[in-house]
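> Here's a sequence, model it:
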Amino acid sequence: MTSAVDALAAGPVFGLPLPELWFALVFAILGTFLFLDGFDFGAGAIFATLREDEAREAVLSAIGPFWDGNEVWLVVFGGALFAAFPSVYAGLFSRHYLLMFGILGALILRGLAPEMYEQRHDERWQRWWGRSFVAGSVLAPFLLGAFAGNWLVGTPRSFTLVGVVTGVTVTALTVVSGAAFLRLKARDALPKTVTRLGVEAVAAYLLAVVATLGVLTARLPAGVDALLSPPVIALVAASVALGVGYAVALRRGANVAALAAAAGLTYGLIAVVAILMYPRIDPATGATVRDAVVSTLPLNLMSIGAALLLPLIATYFAVLYSAFSGPISAEEAY
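Numbers count the residues shown, from 1 in each chain. Next up, the predicted model:
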């Protein structure tokens, strides 16, 4: 036993660059949450534009089996950040505790509102809880985007210009994902305006990305040079191509392709944030990935645990999405 512990404490398992791999894993998990729960948020925002009861019920039925499971990835993100970079976790959550409480409050409202909406078929009751559902669905991605923007530039303040433009960008992105998901799941149960909203949202998202990059030039230490690095330019160009592809696919009814394009946009955005931040992981303190990571022994043990647990989580989601695959039926209810 002692020799095994000594071996684990001697150096990274298999000589892997574990600090960098955990940095990538943390952002990959964040991207997974933003995509999977993002289309739930987007569906909630689109809910506000629908007037017919049948269309609103279709939105709730489409996301009903998924939204609470999708939130697991936010817990996994927080757990991974705490496990591998505890000082960063402590610093971020203490500096931006107002945003954290806001995000949690919005998630609670988003989860509670559909349950209450279905309890009574009273116009005033459903109007109140419908608005609450929309508010939670819009506020959660906006505040999450504000958190990510403030994290990237290292500001201790919760409400900043960078946070606002990043929040708008993330919110527009969730509508992009939501429109594709609803078209895939609800199809003819929703009006054609959902397609138009998706196309308008992807145009708004690309414009918001440009605005966000413009604001970042004034806030990042490297300024415009950071944004002109080949990986960032490639990701921005890919985002434009994916945005065009998304609009074409959604209009043609190729909903799986549109949802895949939305996924590419989501992971591309997260990749840009990670590239601009690296090698730092806490720009507010200047701590780099290797400065903030835990010691070798716990890092090795967590890496082995993650290699075993993450496939189980992925399998759970594969079963979940397989069980509820295909479009919703007219008989389904939230």
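
> in stretch 244-254, what's buried?
245-247, 249-250, 254 (16 or more other Cβ atoms under 10 Å). Placement of C-beta: from N, CA and C, glycine included.

> out of the residues you listed, what pair is the most spread apart?
247 and 254 (11.0 Å; Cβ to Cβ).

> Give me the phi and psi angles of residue 287.
Phi and psi for residue 287, reported as degrees, to the nearest 10, are phi -70, psi 130.

> residues near it, how many?
Number of residues near residue 287 (other Cβ atoms under 10 Å) recorded here: 18.

> Nearest residue to it in space, ignoring adjacent ones along the chain?
Here the nearest residue to residue 287 in space, its sequence neighbours aside, is residue 281; by Cβ to Cβ, 6 or more residues apart in numbering that works out to 6.2 Å.

> Quick check: that neighbour vs residue 166, distance?
Applying Cβ to Cβ, to the nearest Å, the value for residue 281 to residue 166 is 18 Å.

> Could you verify my assumption that residue 49 touches residue 193?
Yes: in this structure, residue 49 is within contact of residue 193 by Cβ atoms under 8 Å, at 6.6 Å.

> Next up, identify which helix or strand the residue nearest to residue 287 is on.
strand 280-282 (DSSP states H and E).

> Please name the strands paired to that strand in the sheet, noting orientation.
strand 287-288 (antiparallel) (DSSP bridges).

> and the helix or strand that comes right after the partner strand, what other elements does it pack with?
Later in the chain than strand 287-288, the nearest helix or strand by DSSP H and E is helix 289-292. On a contact count with 3 or more Cβ pairs under 8 Å, 6 or more residues apart in numbering; DSSP states H and E, helix 289-292 meets helix 18-47, strand 280-282.

> neighbour count winner among residue 281 and residue 166?
Higher neighbour count among residue 281 and residue 166: residue 166, with 30 against 27, using other Cβ under 10 Å.

> Skip the chain neighbours and tell me the closest residue to that one.
Nearest non-adjacent residue to residue 166 (Cβ to Cβ, 6+ apart): residue 149, at 3.1 Å.

> okay if I get the buried residues of stretch 244-254 as a markdown table plus distance to residue 313, secondary structure and pLDDT?
Putting the buried residues of stretch 244-254 into a markdown table (distance: Cβ to Cβ, whole Å; DSSP: H, G, I helix; E, B strand; the rest coil; pLDDT from 0 to 100) gives the following:
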| residue | distance to residue 313 | secondary structure | pLDDT |
| --- | --- | --- | --- |
| 245 | 29 | helix | 97 |
| 246 | 27 | helix | 97 |
| 247 | 32 | helix | 97 |
| 249 | 29 | helix | 96 |
| 250 | 30 | helix | 95 |
| 254 | 29 | coil | 94 |
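
> Quick one: mean pLDDT over stretch 282-296.
For stretch 282-296, mean pLDDT rounds to 93.

> Could you give me the buried positions within that stretch?
Result for stretch 282-296 [16+ other Cβ under 10 Å]: buried residues 282-284, 287, 289, 291-294.
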